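>>> Fold the following for me, if possible:
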Amino acid sequence: MKMIRLFIILFMMLFGNTIYSQVTNVAQEVQTQSKKLKKAVDSKDESAQAESYYNIGETFFNDGNFPKSEEYYTRAKTIYEKLNDRPNIEKTTRRLAQSQEKQNKITPAIHNYSKAAKVGYSSENRTVNSNDVTRLSANSPEMKAEAIQSNIQITEKENDKGDLAASYSQMADVNIQQKDIPKAEENLNNAYKLSKKETPQHALEINKKLTNFYVENKNFDKAIEAQKKVLKEDFVKDNSQEKVNQIQELADIYIKKNDTEEAISLLKSAYGIALQKGHTLEAQKSVKRLDSLYNISDNKEASVQLYRDFLGKLPDLVSKDRSLVDNKILEDTEQRISQLEKERELKDELIRKKNIFNYSLIGALILLMGLMVFIFRTLKKVQIKNKKIALQSLRREMNPHFIFNSLNSVNHFIATNNELEANQYLTRFSKLMRGVMENSTEDFIPFQQELDLLQNYLALEKTRFADKFDYEIKIDENVSTQNLKVPGMLVQPFLENAIWHGLRYRTEKGFLKLSFEKNNQHLKIIIEDDGIGIKESRQQKTIHQKSREGRGMKNTLERITLLNDLYNQDIQCKITDKKGAQGVLVKISYKMVNK
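Numbering: from 1, shown residues only. Now for the predicted structure:
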């Protein structure tokens, strides 16, 4: 007896693996959509292709085959993204997220809900998807409940019964987590009422959740009542395969209630319907469950008789069973869809190869243009580098008159045995020279360093011409001495001209004023003296002086030209005799540069 039973069980297991649930409606719908898909591929209508993929995904989703639905939603989403069809991207992405959530793929589901929220056109859709992100990622039941309640309110206004039913079911999960049993029961019932009108498969899923909820709370009578209610629904009564499944579900509840007798009776009924209608897999399930119950009650004879009966009726049962044929149709249809996908990819590849010459030509032109731009930029860089070298060379040139006259002054101090002043002068002179050399590598130096150099220079000249002039440096309080950068030693040549060609020829002591003012984004420098003036200075110069004049000023003007060219500084310099008074007025203006 044991050998017979073992043989039959093994045969059923091997045979049962080739049996699938009823797929007639699914196969028909997928066939219909595959024909539409072929037309869309032939006509290169990518929007219609995506629509067919989406509809196939919907078919599998409504049948509860979520892995398959995810596959086709993903295909549809890829095409919609290529077409930048935002309304359909949002719709498909949300469906993809729901399919992933059904498979407990929480992380990708959150990602797709979030993406659907970003591309959503209406504020309601964006809110619904954002709420689903919150629902899946929130840790507290209160936050989840708040997000779900918001979705319930929105979907009620939109009259979206599918999403509304899902929201009630989700709220029931939160209620169970919060141990609010009455509210969980109420929300599951609401979800069931909405689902049975739209998607019976989802209604059965929700009812399963409801009966499990009752069983877990040891409320077997309510679980039985709910299950019997489902058996009266038209979508169960008119579907013999589903009817058998639901009777088996009811038997399971009785088993958990420890009512073995009623469970056996129900399973026999399910077995009889399965034999009559040709549902091999369902008949096998009934036999297995009955065998388990017979073993518990140690009724081996009934168990052997059941297996013999099933084995004897198996050939006739298989001949009636349409599930193998339907599944074969579905499998062939999916293979055709895969073939269409390959054909579409092949056509895309042919188009790509057809355009590759054009792209190559365009690429060559772009490369040529890029090469020309590179050559131009290289030449420009060389020009800039040459200008910078010239600027550096000009910076490093010191006025020979300044160095020569400084050394003569030292010689004069030594000759008159004035060693103290000679030492002081040499100390200041060396500091000035060191400062000039240290800053000779930079086009712009901090304003404070420039100011220190100018103060040191004026102090030197004041030592040499103590009886010829006094000086004053005035700085506007709006000028930042710490953050501002200026061209190094740009002002010094003008100060030297004022002293050597103006103030030193006065019979009485003169005055030199240096001012720094801020004018909007520009620094304004004013050098004012009461010397003999430009015209008189030229008249008093010797022939030798005239032959060597202007090197300091020429150097400075060349530097200004290069600075304007390299750094777009717009440095302006104006030198005039003072009107109505003796002396020279120099005005320099340039755009301020911060650190």
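>>> what's the closest non-adjacent residue to Ile475?
Phe516 (4.8 Å; C-beta to C-beta, 6 or more residues apart in numbering). All C-beta spots, glycine's among them, are computed from the backbone N, C-alpha and C.
>>> repeat for Ile110
Nearest to Ile110 is Leu136, by C-beta to C-beta, 6+ apart, at 5.1 Å.
>>> could you check the distance from the one you found over to Asn125?
The gap separating Leu136 from Asn125 is 17 Å, by C-beta to C-beta, to the nearest Å.
>>> same question, Glu438
67 Å.
>>> How about the contacts made by the nearest residue to Ala263 once chain neighbours are set aside?
In space, and not counting its chain neighbours, Ala263 is closest to Tyr254: 4.0 Å by C-beta to C-beta, 6+ apart. Contact analysis of Tyr254 by C-beta atoms under 8 Å, 6 or more residues apart in numbering lists 224, 260, 262-263, 266.
>>> Next step: those residues restricted to helices.
Among the contacts of Tyr254, the ones falling in helices (DSSP state H) are 224, 260, 262-263, 266.
>>> from those, which is closest to Ser34?
Ser34 lies nearest to Leu266 out of the ones in helices among the contacts of Tyr254, by C-beta to C-beta, at 39.6 Å.
>>> looking at it, that closest one is touching Ala251, isn't it?
Yes. Between Leu266 and Ala251 a contact is recorded at 4.0 Å, counting by C-beta atoms under 8 Å.
>>> Between the two, which contacts overlap?
Counting by C-beta under 8 Å, 6+ apart, Leu266 and Ala251 have no contacts in common.
>>> Between these two, which is the more surrounded one?
In terms of neighbours (other C-beta atoms under 10 Å), Ala251 is the more surrounded of Leu266 and Ala251; the figures are 26 against 22.
>>> quick one: that one and Thr211, what's the gap?
Look at Ala251 and Thr211: by C-beta to C-beta, they are 12 Å apart.
>>> With pLDDT as extra columns, can I get the contacts of Tyr254 in TSV?
Listed next are those as TSV, based on pLDDT from 0 to 100:
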residue	pLDDT
Ile224	91
Thr260	88
Glu262	91
Ala263	88
Leu266	91
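>>> Can you check the distance spanned by stretch 234-248, start to finish?
Taking C-alpha to C-alpha, to the nearest Å, stretch 234-248 runs 18 Å from one end to the other.
>>> Lys485: helix or strand, and which one exactly?
strand 484-487 (DSSP states H and E).
>>> residues making contact with the helix or strand that that strand is followed by?
Of the helices and strands lying after strand 484-487 in sequence (DSSP H and E), the nearest is helix 492-500. Identification of contacts with helix 492-500 by C-beta under 8 Å, 6+ apart yields 399, 401-402, 405, 453-454, 457-458, 461, 465, 468-469, 512, 514, 527, 529, 531, 552-553, 555-556, 575, 584, 586, 588.
>>> Among those residues, which ones are in strands?
Counted as lying in strands by DSSP state E, out of the contacts of helix 492-500, are 469, 512, 514, 527, 529, 575, 584, 586, 588.
>>> quick one: which of those is nearest to Met489?
Ile588 (12.7 Å).
>>> tally of neighbours for the closest one?
Count around Ile588 with other C-beta under 10 Å applied: 21.
>>> The one 5 residues further on now?
Around Val593 there are 16 other residues, counting by other C-beta under 10 Å.
>>> Quick one: residues contacting it.
444, 484-486, 567.
>>> and it, backbone torsions?
Per-residue torsions, Val593: phi -120, psi 120 (degrees, to the nearest 10).
>>> For it, which residues count as its bridge partners?
Beta-bridge partners of Val593, counted by DSSP bridges, are Lys485.
>>> of the contacts of helix 492-500, buried ones?
Among these, the ones that count as buried by 16 or more other C-beta atoms under 10 Å are 399, 402, 453-454, 457-458, 461, 465, 468-469, 512, 514, 527, 529, 531, 552-553, 555-556, 584, 586, 588.
>>> Surely Lys222 is in contact with Tyr214?
Yes. The criterion here is C-beta under 8 Å, and Lys222 meets it with Tyr214 at 4.5 Å.
>>> Comparing those two, which residue is more hemmed in?
Tyr214 (21 against 15).
>>> I believe the more buried one is in a helix; please confirm or correct that.
Yes. Counting by DSSP: H, G, I helix; E, B strand; the rest coil, Tyr214 is part of a helix.
>>> which residues touch it?
220, 222-223, 226.
>>> Equivalent analysis for Ala145, please.
Contacts of Ala145 (C-beta under 8 Å, 6+ apart): 171, 174, 178.
>>> Surely the last one and Pro141 touch.
Yes. Checked against C-beta under 8 Å, the pair Gln178 and Pro141 is within contact range at 5.2 Å.
>>> What segments of the stretch 351-500 of the chain are helices?
For the stretch 351-500 of the chain, helices defined by DSSP state H, counting those that start in this stretch occupy the ranges 400-415, 419-438, 447-464, 492-500.
>>> To His522, which of those lies closest?
Among the helices of the stretch 351-500 of the chain, the nearest to His522 by C-beta to C-beta is helix 447-464 (13.7 Å).
>>> contact partners of the closest one?
So helix 447-464 is in contact with 405-406, 409, 421, 424-425, 428-429, 431-432, 435-436, 439, 469-471, 473, 475, 479-482, 484-486, 488-489, 491-492, 495-496, 499, 512, 514, going by C-beta under 8 Å, 6+ apart.
>>> Just the C-alphas of it, formatted as PDB.
Below are the C-alpha coordinates for helix 447-464, written out as PDB (Å, rounded to 0.1, in the frame of the first residue of the first chain):
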ATOM      1  CA  PHE A 447      46.900  96.700  -1.500                       C
ATOM      2  CA  GLN A 448      48.600  96.800   1.900                       C
ATOM      3  CA  GLN A 449      51.900  95.600   0.400                       C
ATOM      4  CA  GLU A 450      51.700  98.200  -2.300                       C
ATOM      5  CA  LEU A 451      51.000 100.900   0.300                       C
ATOM      6  CA  ASP A 452      54.000  99.800   2.400                       C
ATOM      7  CA  LEU A 453      56.300 100.100  -0.700                       C
ATOM      8  CA  LEU A 454      55.000 103.600  -1.500                       C
ATOM      9  CA  GLN A 455      55.300 104.800   2.100                       C
ATOM     10  CA  ASN A 456      58.900 103.400   2.200                       C
ATOM     11  CA  TYR A 457      59.700 105.100  -1.100                       C
ATOM     12  CA  LEU A 458      58.300 108.500   0.000                       C
ATOM     13  CA  ALA A 459      60.200 108.200   3.300                       C
ATOM     14  CA  LEU A 460      63.400 107.700   1.300                       C
ATOM     15  CA  GLU A 461      62.800 110.600  -1.000                       C
ATOM     16  CA  LYS A 462      61.900 112.800   2.000                       C
ATOM     17  CA  THR A 463      65.200 111.900   3.600                       C
ATOM     18  CA  ARG A 464      67.100 113.000   0.500                       C
END
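>>> Among Glu438 and Asn125, which residue is more densely surrounded?
Asn125 (19 against 13).
>>> and the residue lying closest to Tyr271 once chain neighbours are set aside, what helix or strand is that in?
The spatially closest residue to Tyr271, leaving aside those adjacent along the chain, is Ser286, at 3.9 Å (C-beta to C-beta, 6+ apart). In the assignment (DSSP H and E), Ser286 maps to helix 280-296.
>>> and that helix, how far from the chain's centre?
55 Å (C-alpha atoms, centre = their mean, to the nearest Å).
>>> elements contacting the very next helix or strand once past that helix?
Sequence order places helix 300-320 as the next helix or strand after helix 280-296, per DSSP H and E. Where contact means 3 or more C-beta pairs under 8 Å, 6 or more residues apart in numbering; DSSP states H and E, helix 300-320 is packed against helix 2-16, helix 260-277, helix 280-296.
>>> Comparing those helices by mean pLDDT, which bottoms out?
Mean pLDDT is lowest for helix 2-16 among the helices and strands packed on helix 300-320, at a mean of 46.
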